[in-house]
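In: Sequence isn't available, so here's the structure alone:
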């Protein structure tokens, strides 16, 4: 599984959730996690979550992660959502280590904002017959996020995290996720079954 | 998925990891999570982790969780280990909410003990053709744990957690795990696929 | 698994066989069976059975059932067709209990009409990566059915079934199907495997 | 899929439910259904249904069917139980055509006996990693059946079925089951998927 | 699994790789291998291999094979590529028996052409949810092959194979492939598993 | 996937076909291929092929290969036998490159011996719920092979292969097999699916 970092400023428009995007754009012939910082504005025909139909999904500046797994054939939405959840817990732990306490609800992370919870993230998972895809993104700022949702930004809310640390946080997330998947594969090889 | 609480004092000897244990012992005809407080001493013929051969796996007083899933047929070790990891992150978050900061490494939780990390938990996953099983247990005390491992106990190490809260912590873990699995199933039903 | 009854008069045009229809139309976040009485006229671009290309598939008034299963990931056409067959046998048994003797051939039910067999039903199954869908419909009347097929209607052919009983028959079918799938899940949990 | 008829009198002792029995005994290198008439007395170590532990499962003279499927790899208990149910509905229909009205409850067939229901059948399904097995048997007589269960026999209860017709009934069951499975495979090849 | 031979001259334009092509064109309700001799010119919207985007894939006269498997549900790209590789090794062995020594690299066959290797074949595999498809084609001649690839033709390069033997070679390939898949199925039925 | 070479002289007694052997013996936490030269004498309780019951399976000196795959969960006998066949074709090609022409029949290799074919190899595949295993072995000599089978040895029959080249041949086989599996995984990542 490979990690690719894109130039900052790339916009997430939803096309990146399509299967084989990493191969078609960057020639990656492997499972992959691609990360970058940039805005998000999803074209309505690229919506994956049918609950999001008619809703604005956007952000002015976010850390984006696109994961694609080819290891399980045929692709399995159930496993894909388990991996999405694991990914979110890995993000949560790393933010915690950087002094940002969040609450996880399914695939969403929230941070306390006065007496309310600000939504810090968006995420979706999907698959084709041959690959499992996950998108996860964290707001760096509330700027550009939907008006009708209470959101929060990693660099706001009195956070101790600084802009210059964001790339390292993103790398740490990718590295830990790759290690987690790898440790699961490793555990299988030492387990007695019935 | 059902949650069953056993009387305290039941000993975990490894037989509980066998497929269908919850049905054979308690008549549960469903996926289930069974929890109880008691000692652990695994009979060598019940070892699941081949890395544990020749090693003492024991504890004087632990919160034990035994999970069995029948929803995926045939059972899948890969999914089973993903669920185990998710379970451990759920435990970690609940302990955190109770003021106990832990570090997760794969399926193990550690807590700081002076300048060392004390191992707080043991866990294994396995499966037969038709079910996936997970065992996870947290030390309440270092008493009875192996001499050659640096362990820690939930009720020791300056913990704010009190013995009378332990049953609630166990219930919260079970409840959150059941909700997590259920939320994943729910998310599948609203997701566009390619 | 949920059962939803629609208002009578809804027309089956083939769009209902599409994955996630029950979620997109009614917000059902679960496996489901939706039933209603209404006409059927399938738009040619909604045809699922390639054998039906160029054939009229229609009926003036039918009991329609649309089933969607999310329990098996990835979705499996083989299991889906097994469930379709089981569904048809459940319909057959309930009709038999109501005094209507039918003959089953694969996924079709026939009723004796003089010296011929009248086709009483239409059915198809299909799937996407994440869900399995079944459509089954019974003619209440021969009116509006294709001219080139010998059809029969539940309320005709000297049937003892009355129009006012049809909703109960539909409910019984749905209820028994849900029970059947549930009993299978239950049986798995008590079965020794090798 | 092959059909093999054994000599009458073979006793079902539970060993026949083991994977590869048809190959080891008769050299059948295919999915198969084996049928014969004989008594049943299951050795307790051959029990598959954990609900049957401590219960007598026996009959003086039964039509026995043993099915083994290798087409699905790895074997799948869920599909196996769907096939078992389909098999029972096929038996039910054929008995009905021979004038014996039965009631199906899961994998059991019952026949009216005065004001009670007499249990006409026993059945179980199981699997190994590579094959799915089903046993189904119909009492020809109540003789030799357990004392504590209300049973019925095909040749008793005022049945119109005669002993000399039993082999034909068994053959018809096997033939129709093989046709059913084959028709499902055939339907897959003509179905548009999403 | 059925073998169908088409009239020579049929052009491979990429549409034949679509699922259900054999059923829609020829009514084959089974897994199948279809073979014919004809030119190849793939329409760009029918490209399956994303590496081929922007590349000419064509040949003036080729032996074409289109395979579709429905036996595994849901379809599995990994198994499909294993079958493709097996198919290529079968072609390689038959060519070898006819005096044409080739080198296999993945799914490509090469033949020595002076001091270079000439590419003799093209191949791709793909799947939908319900079927696995393989296309493989051998150049009979270099005529009409892309200018920017060093290709070779079966009837050129000093080959001992004659045009009149080509149909027999194609039949032999199909027959051996069908036997191979069948022998694998057969081996499963005699194998002890753990 | 790892390749491990054992000291020559290790005897294959059938225990090596058991799941997790490479982990339990050598601590390999990965899919693996283990190769060595040594005699073979299979203990009857280690027989995997039920056709071999009562038959001597032995050889005085053989190149042994034991493969274990954990990549596919749950393990799949069908894929396992496809990999076995691919493995045998890889051996066949390498022997051919070393001047030894063989004929493959399923998982067996034969070499011409006067007017007869001498069996050069033995092979079996099997699996547990979590791993797929393959054993393949080539006779270096006819010495020690069963009396009732016409066998052949790689270093006999006028072979150009010398004893000192055998380790390189074994390495080449392992290396090419690992590459083949890897190239299949790679091909999946560039393939458009329907």
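Out: Noted; the coordinates are in hand. Everything numeric in this text was worked out from a predicted model, so none of it was measured.
In: Poorly predicted segments of chain A, please.
Out: Regions of chain A meeting the criterion pLDDT under 70 are absent.
In: In chain A, where's the longest helix?
Out: Of all segments of type helix in chain A, defined using DSSP state H, the longest is helix A:166-188.
In: Please say whether there is contact between that helix and chain D.
Out: No. Using C-beta under 8 Å from any C-beta of the partner chain, helix A:166-188 never reaches chain D; the gap is at least 15.1 Å. In short, each C-beta sits where N, CA and C put it, glycine included.
In: ok, residues contacting that helix?
Out: The contact list for helix A:166-188, computed with C-beta atoms under 8 Å, 6 or more residues apart in numbering or on different chains, reads A:1, A:3, A:5, A:33, A:35, A:37, A:63, A:65, A:67, A:69, A:83, A:86-87, A:90-91, A:93-95, A:98, A:140, A:154-155, A:161, B:77-78, B:81-82, B:85, B:106-107, B:125, F:29-30, F:70, F:73, F:130.
In: I'd guessed residue A:112 sits against residue A:101; true?
Out: Yes. Look at residue A:112 against residue A:101 with C-beta atoms under 8 Å: they come within range, at 7.3 Å.
In: between those two, which one's more packed in?
Out: residue A:112 (14 against 10; other C-beta atoms under 10 Å in any protein chain shown).
In: Which helix or strand contains the more buried one?
Out: strand A:108-113 (DSSP states H and E).
In: helices or strands up against that strand?
Out: Strand A:108-113 sits against helix A:77-97, strand A:102-105, strand A:116-119, strand A:121-127, with contacts defined as 3 or more C-beta pairs under 8 Å, 6 or more residues apart in numbering or on different chains; DSSP states H and E.
In: can those go into CSV with extra columns for distance to residue E:118 and mean neighbour count?
Out: Below are the helices and strands packed on strand A:108-113 laid out as CSV (distance: least, C-beta to C-beta, whole Å; neighbours: other C-beta atoms under 10 Å in any protein chain shown):
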stretch, distance to residue E:118, mean neighbour count
helix A:77-97, 43, 22
strand A:102-105, 58, 17
strand A:116-119, 60, 17
strand A:121-127, 40, 26
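In: Compare those and report which one is nearest to residue A:19.
Out: Nearest to residue A:19 among the helices and strands packed on strand A:108-113 is strand A:121-127; the distance by C-beta to C-beta comes to 7.6 Å.
In: residues from chain A in reach of chain F?
Out: A:19-20, A:23, A:28-31, A:70-73, A:128-131, A:185-186, A:188-194.
In: Tell me which of the residues you listed fall in helices.
Out: Judged by DSSP H, those include A:23, A:185-186, A:188 as members of helices.
In: Separate out the buried members of these.
Out: The neighbour count (16 or more other C-beta atoms under 10 Å in any protein chain shown) marks A:23, A:185, A:188 as buried among those.
In: The first one reaches residue E:53, doesn't it?
Out: No. Proximity of residue A:23 to residue E:53 does not meet the contact threshold set by C-beta under 8 Å, at 10.6 Å.
In: tell me the centre residue of chain A?
Out: Among the residues of chain A, the one closest to the centroid is residue A:136, at 1.9 Å (C-alpha atoms, centre = their mean).
In: Tell me which helix or strand that residue sits in.
Out: If you go by DSSP H and E, residue A:136 is part of strand A:132-139.
In: tell me the angle that strand makes with strand A:108-113.
Out: For strand A:132-139 against strand A:108-113, the angle between stretch directions is 10 degrees (axes from the mean of the first three to the mean of the last three C-alpha atoms, to 10 degrees).
In: what's strand A:132-139 packed up against?
Out: On a contact count with 3+ C-beta pairs under 8 Å, 6+ apart, strand A:132-139 meets strand A:58-69, helix A:77-97, strand A:121-127.
In: in its sheet, what does that strand sit against?
Out: When pairing is defined by DSSP bridges, strand A:132-139 lines up against strand A:58-69 (antiparallel), strand A:121-127 (antiparallel).
In: Could you dump those strands into TSV with distance to residue E:180 added?
Out: Formatted as TSV, those follow (distance: least, C-beta to C-beta, whole Å):
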stretch	distance to residue E:180
strand A:58-69	31
strand A:121-127	31
